[in-house]
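Visitor: Fold the following and give me the result.
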Amino acid sequence: MPDADKTSRSCAPQRDGAGAKAQPVAAATGPRADLREQRERRRRRNRTRAVLENASPFLISALLLALWQVIVPLAQVPQLILPTPLQIIAKIGKSYPLLLADTKVTLLEVLYGFIAAVAVGIPIALCVFYSRIFAKSIYPILVGLQTIPKVALAPLLVMWFGFGLVPKVVISFLIAFFPIVITTVVGLSGLDREMVYLVRSMGANEFQTFIKIRLPAALPSIFGGFKVAIALSVVGAVIGEYIAAESGLGYRQLTANIQFDSALNFAALIFIALCGVITFAAISGLERVFVRQP
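Guide: Okay, here's the model as predicted:
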């Protein structure tokens, strides 16, 4: 019996100890489960928010088109003034070979004008950045040229270069190159001088400083100028086609106006917008390749 009492006394604390240890384990398991559940809810919210953010432009566009389709017949607006989206889609389906040919012409004008703007704008920006005399002498000319309406230059360009591709490319170039110059100069000037002093103290020359420090720091600003310039290139090409052209989306709009074909006019307008969206997306893709995202 004494041995049995000792055995019972020795076992009782062990059972109590086991019970005391089991409670913290259960208590520790509860907060972990709650934390995992919170993280899962946060992930679901983030996924839902991302889906809504990506789908919101399409949803809003679909809603506006539906309202357009419903309100125009109810208000008895004539097709000559405002066609419905379905009528515009039908016109695109009927005239898409002609619209695609015009889109090719306009895109070539846009790309040639933008490439010329980059080829001229970047060297001018470097000269403005590195030469104070050049900056003071050329900046007033650039500002004065930018303030001149490009439509006012179009008749002169037509007289000089005819009705071909060149006048539209020149107008596209004149509109696009100024933002490239300004944003490039701003990007190069925005580098911290302490960083420049640091690399100079390590023995780097100006070319090495430009390649390793200045250019990478200025790339976000430069690509911002490219995005503005590509959109303005589309505007310049279409303006040139309004003045003098034998093909292109702007020319197609003029012929649609003469024929009182509003649906074709809106169809050409949609293709002009697509040209801007496609070229802007291409510049954004290049930006993701060359610019390091933070």
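Visitor: per-domain residue ranges of this structure.
Guide: Domain assignment for the chain by automatic domain parsing gives 1-76, 85-290.
Visitor: now the helices for the stretch 151-294 of the chain?
Guide: Remark: helices assigned in the stretch 151-294 of the chain by DSSP state H, counting those that start in this stretch are 165-189, 193-201, 206-209, 215-243, 249-258, 262-290.
Visitor: For Ala66, which of these is the nearest?
Guide: Checking the helices of the stretch 151-294 of the chain against Ala66 by CB to CB gives helix 262-290 as the closest, at 16.7 Å. For glycine as for every other residue, the C-beta is placed from the backbone atoms N, C-alpha and C.
Visitor: Can you list the buried residues in that closest one?
Guide: Under the neighbour-count criterion of 16 or more other CB atoms under 10 Å, helix 262-290 has 262-269, 271-272, 275-276, 279-280, 283, 287 buried.
Visitor: Met195: which of those is nearest?
Guide: Glu287 (22.3 Å).
Visitor: Nearest residue to that closest one in space, ignoring adjacent ones along the chain?
Guide: Take Glu287 and drop its neighbours on the chain: the residue closest to it by CB to CB, 6 or more residues apart in numbering is Phe223, 4.2 Å away.
Visitor: possible to save the domains of the chain as JSON lines with mean pLDDT?
Guide: Listed next are the domains of the chain as JSON lines, based on pLDDT from 0 to 100:
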{"stretch": "domain 1-76", "mean pLDDT": "66"}
{"stretch": "domain 85-290", "mean pLDDT": "87"}
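Visitor: Pick the most buried one from those domains.
Guide: Ranked by mean neighbour count, the domains of the chain are led by domain 85-290 with a mean of 18 (mean count of other CB atoms under 10 Å).
Visitor: distance between it and the chain's centre?
Guide: With CA atoms, centre = their mean, to the nearest Å as the basis, domain 85-290 stands 13 Å off its chain's centre.
Visitor: Any chance you could list what contacts stretch 175-186?
Guide: Here stretch 175-186 makes contact (CB atoms under 8 Å, 6 or more residues apart in numbering) with 113-114, 116-118, 120-122, 124-126, 128-129, 142, 145-146, 150, 218, 221-222, 224-226, 228-230, 232-233, 235-236, 239.
Visitor: Mind doing that once more with 7 Å?
Guide: Stretch 175-186 is contacted by residues 113-114, 117-118, 120-122, 124-125, 128-129, 142, 146, 150, 218, 221-222, 224-226, 228-229, 232-233, 235-236 when judged by CB atoms under 7 Å, 6 or more residues apart in numbering.
Visitor: what does stretch 240-251 give?
Guide: Residues from elsewhere that reach stretch 240-251, judged by CB under 7 Å, 6+ apart: 102-103, 105-106, 109, 154-155, 158, 163, 167-168, 171-172, 238, 254, 268, 271-272.
Visitor: Mind giving me the packing neighbours of the host helix or strand of Ile122?
Guide: Using DSSP states H and E, Ile122 maps to helix 85-130. With contacts defined as 3 or more CB pairs under 7 Å, 6 or more residues apart in numbering; DSSP states H and E, helix 85-130 has these neighbours: helix 2-74, helix 132-147, helix 165-189, helix 215-243, helix 249-258, helix 262-290.
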